[in-house]
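1. build me a model from this:
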Amino acid sequence: MAADTTSNPPRPRRKPTKGTKKTDKQRLFVEHYLRTWNASEAARQAGYKGSFRQIGSENLSKPAIRAQIEERLAQAVMGANEALARLTEQARGFDPADYIALRDVYATGKDGEVYLSGVVAELDL
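-> Okay, the predicted model is just below:
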């Protein structure tokens, strides 16, 4: 029987450009670095072994890791106009009564009489 010549041969996988593919530890390093801003601590939390200071420094010098950190920061950055607009919105819409509830506290005296003994302010943030 003749071989089927109509099917396409499987495509070989493209190798990533050197320095662009990150390992799972490197991806974890980026996540932890963006939380802690400490390369040594990020290396420790990502599961590296050895000198966390050296590994953290090496990771920060790798173009792929540096690029991902910069990309994530660019996504999270708020412009000055947006920050001012949000602060203005919060300041104008702030009413302390929306966040504070006053609750009376009662006590019973020796004579059996109930009386107001105080007020408790509860914050609802």
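2. how about the strands in the chain?
-> Secondary structure of the chain (DSSP state E): strands at 100-108, 114-123.
3. okay, those in TSV with distance to residue 21, mean pLDDT and mean neighbour count next?
-> Placement of C-beta: from N, CA and C, glycine included. As requested, those are exported to TSV (distance: least, CB to CB, whole Å; pLDDT from 0 to 100; neighbours: other CB atoms under 10 Å):
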stretch	distance to residue 21	mean pLDDT	mean neighbour count
strand 100-108	53	89	10
strand 114-123	49	87	9
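4. closest to residue 54 out of these?
-> Comparison of the strands of the chain against residue 54 by CB to CB identifies strand 114-123 as nearest, at 46.1 Å.
5. helices or strands next to that closest one in the packing?
-> Applying 3 or more CB pairs under 8 Å, 6 or more residues apart in numbering; DSSP states H and E, one finds that strand 114-123 makes contact with strand 100-108.
6. adjacent strands (with direction) for the strand it packs on?
-> strand 114-123 (antiparallel) (DSSP bridges).
7. what sits up against the strand it pairs with?
-> Judged by CB atoms under 8 Å, 6 or more residues apart in numbering, the contacts made with strand 114-123 from elsewhere in the structure are 99-109.
8. widest-spaced pair of these?
-> Farthest-apart pair in the contacts of strand 114-123 is 99 and 109; separation 33.4 Å (CB to CB).
9. distance of the residue most central in space within the chain relative to residue 101?
-> Compute the mean C-alpha point of the chain, and by CA atoms, centre = their mean the closest residue is residue 35, 6.0 Å away. In this view, residue 35 and residue 101 are 34 Å apart by CB to CB, to the nearest Å.
10. ditto for residue 26
-> According to CB to CB, residue 26 stands 49 Å off from residue 101.
11. with residue 118 instead?
-> From residue 118 over to residue 101 (counting by CB to CB), the distance is 15 Å.
12. with residue 55 instead?
-> Distance of residue 55 to residue 101, given as CB to CB: 50 Å.
13. any idea how many residues pack against residue 50?
-> The burial metric for residue 50, expressed as a neighbour count using other CB atoms under 10 Å, is 8.
14. typed the wrong thing, it's residue 57
-> 13.
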